[in-house]
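Q: what's the 3D shape of this:
(chains A, B, C and D)
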2 protein chains.
Amino acid sequence: MSKQPKYQQVADALRREIDNGTYGPGARLPSEAELATRFEASRNTVRSGLNLLVSQGLITSSQGLGYEVRKHEVFELNASRFENLQFPQNGDAYSTDVTNAGRRPHQTFRVELATTSEQIAQRLEVEAGSRSVLRFCHRFVDDVPWSTQATHYPDWLLQKAPRLAEPGDIAEGTTRYLAGLGVEQVGYADEIATRMPTPEEARLLEIGPGVPVMLWTRTGYTADRPVRCTVTTFRGDLNRMNYEIGDLSARNENEAQ
Amino acid sequence: MSKQPKYQQVADALRREIDNGTYGPGARLPSEAELATRFEASRNTVRSGLNLLVSQGLITSSQGLGYEVRKHEVFELNASRFENLQFPQNGDAYSTDVTNAGRRPHQTFRVELATTSEQIAQRLEVEAGSRSVLRFCHRFVDDVPWSTQATHYPDWLLQKAPRLAEPGDIAEGTTRYLAGLGVEQVGYADEIATRMPTPEEARLLEIGPGVPVMLWTRTGYTADRPVRCTVTTFRGDLNRMNYEIGDLSARNENEAQ
DNA sequence: TGGGTCCACATGTACCAACAAGTTGAGCGA
DNA sequence: TCGCTCAACTTGTTGGTACATGTGGACCCA
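A: Model (predicted):
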């Protein structure tokens, strides 16, 4: 005999029923009161069980409406396409991808001077606390917050490329702008991490409980040294990152069919 | 006036104090009773606030002990090193990395025949429900569960490579074994996703509440077609995935110093 | 018919009470 | 001194109550 706590039994039973399709994606669960009757438990106990499933990202709750099984819709991000290395200007690949998927992109943008944090400084190989330019982008798909992107450029680059610090978009893209000034990026170092969002991130991305964020840090290098560091924060439940390594002609031929 | 709920105020206040260092990593928080006095709230209300921070991965709780600020220790995974493409045999890169970090690796292993799930079948380009070989690996670092790895091989490969279906390790590594039989992998397609763990995953990886998992799916291709699909599940709080794209000689020279 | 009110029902917040169960250290006894 | 018991303190579980707040449909009235 296991003698699990009652709220665990409630959570397990509901998870099973969601897994086996009794409650499909988008379906509404019985109300707390009904579940309390069914499981012969108090409303508080049922709430504990439901809260568990909410914090595991399986269901959502809305006041006045009830509990719903979460729908999962995944957006694919291709991080290693050759085109991205060639023309990875801000927002362009994003706009194209989103439009191709039949969705409507939209973004806000701002530029500011910042003091470089420890994490960024290490990647840019500059001193922590030194000045850097931060170009910040908040992206939406069909008016749903999708990602935030913060790109840092080191101070020394500003003498060569003053437009980086000017507010407003750089029409031809920052990478092409830099390349035109002789600062050509030849390689990237990508890092991918995941964790639960901070309240600030949860607000910007409108993430409910139980949804992690995916952090994508891309440091761009010239032949000599790092020239920029981009930290992109995605909703973890809506995105998948893709990399291709080596020769994948077999795969890409099949996909082209 | 905002009029936030009281349990939110508790969570926010504690988060601020954790962020500003009042409670550093590993520090013990005041007990529920003390916090209840401080915030002039009931124990239940304080518990709601603490529970929020737990499910956000900021703190942990243990019965009889109290609440602790979570420590974060990150392990780096290099997914795109050239050596990995050449000799990516099961466990070898892992053992080497872990030993180099001064930690003690340890793993359990099992082989079984499985029916191919929809997700795997699509990647292996075989029919869903068909037979495949599953080689499963459960890895530990210093006896702490670290990752689970499930590699699927398609049925048609077994005629060429019967040892895949035999229980027990393949000493020279599966990739080298396959290469010796003329099945040489020339490229990988990697996918990275994140979500909250299922109860099963939480059990295997001993993950507490508030910690997401990172899912790394690697499909290996010969020049003709996919020959294997590996799904690795990591604790999201302890791992970071790294990729290098293009020419990073500048970076690697610096790191070699 | 159009529009607004209001009620029924959903979850959200907050409190109280009691007991279960894990941890630690003080203190006692051999 | 060693080892055991036990008390005190911790969080975990479960029940209860009351009221706040958001949602949607029934209903009534102009």
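Q: so where do the helices sit in the stretch 101-250 of chain A?
A: Secondary structure of the stretch 101-250 of chain A by DSSP state H, counting those that start in this stretch: the helices cover A:118-124, A:156-160, A:174-180, A:199-205, A:249-256.
Q: what residues does chain A put near DNA strand D?
A: Remark: the part of chain A in contact with DNA strand D comprises A:5-8, A:40-45, A:48, A:62-65, using Cβ under 7 Å from any atom of the strand. Every C-beta, even on glycine, is put in place using the N, C-alpha and C of the backbone.
Q: cutoff 6 Å now
A: Contact residues (Cβ under 6 Å from any atom of the strand) of chain A with DNA strand D: A:5-7, A:41-45, A:63-65.
Q: sorry, back to before: can you tell me which of the helices of the stretch 101-250 of chain A comes nearest to B:Thr219?
A: Nearest of the helices of the stretch 101-250 of chain A to B:Thr219, taken as Cβ to Cβ: helix A:249-256 at 7.8 Å.
Q: low-scoring stretches of the stretch 151-257 of chain A, by residue?
A: For the stretch 151-257 of chain A, residues meeting the criterion pLDDT under 70 lie at A:254-257.
Q: which single residue in it comes nearest to DNA strand C?
A: Ranked by Cβ to the nearest atom of the strand, the top residue of the stretch 151-257 of chain A for proximity to DNA strand C is A:Pro209, at 9.1 Å.
Q: so which elements touch whatever helix or strand A:Tyr94 lives in?
A: A:Tyr94 is part of helix A:92-100 when elements are defined by DSSP states H and E. With contacts defined as 3 or more Cβ pairs under 8 Å, 6 or more residues apart in numbering or on different chains; DSSP states H and E, the packing partners of helix A:92-100 are strand A:105-115.
Q: in the strand it packs on, what counts as buried?
A: Applying a neighbour-count criterion of 16 or more other Cβ atoms under 10 Å in any protein chain shown, the buried positions in strand A:105-115 are A:105, A:107, A:111.
Q: same question, stretch A:222-230
A: When neighbours are counted by 16+ other Cβ under 10 Å, the buried residues of stretch A:222-230 are found to be A:222, A:226-230.
Q: and that stretch, how far out from the chain's middle?
A: Between the mean C-alpha location of stretch A:222-230 and the chain-wide mean there is a distance of 23 Å, by Cα atoms, centre = their mean, to the nearest Å.
Q: and what of stretch A:204-212?
A: The gap between the average C-alpha position of stretch A:204-212 and the chain average comes to 10 Å, counting by Cα atoms, centre = their mean.
Q: kindly export it (C-alpha atoms) in CSV.
A: Presented in CSV, the C-alpha positions along stretch A:204-212 are these (Å, rounded to 0.1, in the frame of the first residue of the first chain):
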residue,chain,number,x,y,z
LEU,A,204,7.1,40.6,-20.7
LEU,A,205,6.3,37.2,-22.3
GLU,A,206,2.9,36.8,-20.6
ILE,A,207,3.9,33.4,-19.3
GLY,A,208,1.6,31.7,-16.9
PRO,A,209,2.7,29.4,-14.1
GLY,A,210,4.4,26.1,-15.1
VAL,A,211,6.1,27.3,-18.3
PRO,A,212,9.9,27.5,-18.4
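Q: just the buried residues of it, please?
A: Judged by neighbour count using 16+ other Cβ under 10 Å, the buried positions of stretch A:204-212 are A:205, A:207-212.
Q: all strands of chain A, in order?
A: A:59-62, A:66-69, A:75-78, A:105-115, A:131-141, A:144-154, A:187-195, A:213-221, A:226-235, A:239-246 (DSSP state E).
Q: out of the ones you listed, flag the one nearest B:Asp19.
A: Minimum separation from B:Asp19 across the strands of chain A (Cβ to Cβ) falls at strand A:187-195, 14.4 Å.
Q: so what's the residue count around the nearest residue to A:Leu178 once chain neighbours are set aside?
A: The shortest distance from A:Leu178 to any residue that is not its chain neighbour, by Cβ to Cβ, 6 or more residues apart in numbering or on different chains, is 5.8 Å, and that residue is A:Ala161. As a burial measure, A:Ala161 scores 19 neighbours (other Cβ atoms under 10 Å in any protein chain shown).
Q: right, and chain B sits closest to which residue of the stretch 51-200 of chain A?
A: When scored by Cβ to the nearest Cβ, the stretch 51-200 of chain A has A:Gly187 as its residue closest to chain B, at 3.5 Å.
Q: okay, how far is it across stretch A:52-63, tip to tip?
A: For stretch A:52-63, the first and last residues are 17 Å from each other (Cα to Cα, to the nearest Å).
Q: tabulate the helices of the stretch 101-250 of chain A in TSV, adding columns for distance to A:Trp216.
A: Putting these into TSV (distance: least, Cβ to Cβ, whole Å) gives the following:
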stretch	distance to A:Trp216
helix A:118-124	13
helix A:156-160	22
helix A:174-180	17
helix A:199-205	13
helix A:249-256	23
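Q: out of those, nearest to B:Glu244?
A: Comparison of those against B:Glu244 by Cβ to Cβ identifies helix A:118-124 as nearest, at 13.2 Å.
Q: which residues touch that closest one?
A: Contact with helix A:118-124 is made by A:116, A:127-130, A:132, A:152, A:154, A:189, A:217, A:219, A:226-229, A:231, as judged by Cβ atoms under 8 Å, 6 or more residues apart in numbering or on different chains.
Q: tell me which residues of it come out buried.
A: Applying a neighbour-count criterion of 16+ other Cβ under 10 Å, one finds A:120-121, A:123-124 buried in helix A:118-124.
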